[in-house]
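Visitor: Prediction below, plus the sequence it came from.
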Amino acid sequence: MIPKHYYEQLINRLETKFMLLSIPFKIFLHPILTLSEAVAGTYLVKTGELQESITFIIAGSAEQQGPLKYFQKKKKPDYSVNWFWGKDDLVFCAPGFFSRQAAKHNVILREDSIVLQLQYEEFKILKAGYPEAEILIELVRDHYQELMANRQEDLRHLTHEELYENFKAEHKDILYNCSIYKLADYLGMSYRSFTRIHNKK
């Protein structure tokens, strides 16, 4: 069984961000979770495959990869980052774990991380026995889809400086240990624009 403090970290996140959970639900959930200490570069989801587990990040971070959207001159990475997850995030992909559709993008751990995982077969049992699981699914799905939609709106309407400050507020740890090329591409700006803003802060 996973350590109590890791389990409490997950429950605190679910209950403060999404909904209060019944005691029977929490009792059933604890022993079916698994704990992993995974190294940087570990795939959580691979393009074209089903997501077989949902992941909660205790410590560390992950990224969803996609094609480059902006040409970043020399030494550019061979992919862009469509999304970042950090501590206390559920790694949610659309389509993915809940819909049982093949993933459209790779998701990998950016750094050595500690994660909790729930396998799909265990999740089916949880969902069948506890109706609140369906409500939780919809709340999680709505939350991350709203965040992703908001990001597209921000890219269209905010200045580069505003985009930078918003990212810094949400992912300060990632800001200082990620390739500048990836960050500039993620924020929809050139390498030169990003470094100009970054160096002033």
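Guide: It's in.
Visitor: Which helix or which strand is home to I2?
Guide: Under the assignment given by DSSP states H and E, I2 is not contained in any helix or strand.
Visitor: wait, what's in contact with it?
Guide: Contact partners of I2, counting by Cβ atoms under 8 Å, 6 or more residues apart in numbering, are 30, 33-35, 116. All C-beta atoms are positioned from the backbone trio N, CA, C, and that covers glycine.
Visitor: Just those: which are in strands?
Guide: 34-35, 116 (DSSP state E).
Visitor: Let me have those in CSV, extended by pLDDT, neighbour count and distance to Y6.
Guide: Output for those, formatted as CSV (pLDDT from 0 to 100; neighbours: other Cβ atoms under 10 Å; distance: Cβ to Cβ, whole Å):
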residue, pLDDT, neighbour count, distance to Y6
T34, 98, 14, 11
L35, 98, 14, 6
L116, 98, 20, 6
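Visitor: I'd like those residues laid out as TSV, including distance to P3.
Guide: Converted to TSV, these look like this (distance: Cβ to Cβ, whole Å):
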residue	distance to P3
T34	12
L35	7
L116	10
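Visitor: longest helix anywhere in this protein?
Guide: helix 132-157 (DSSP state H).
Visitor: So which elements touch it?
Guide: On a contact count with 3 or more Cβ pairs under 8 Å, 6 or more residues apart in numbering; DSSP states H and E, helix 132-157 meets helix 120-129, helix 160-170.
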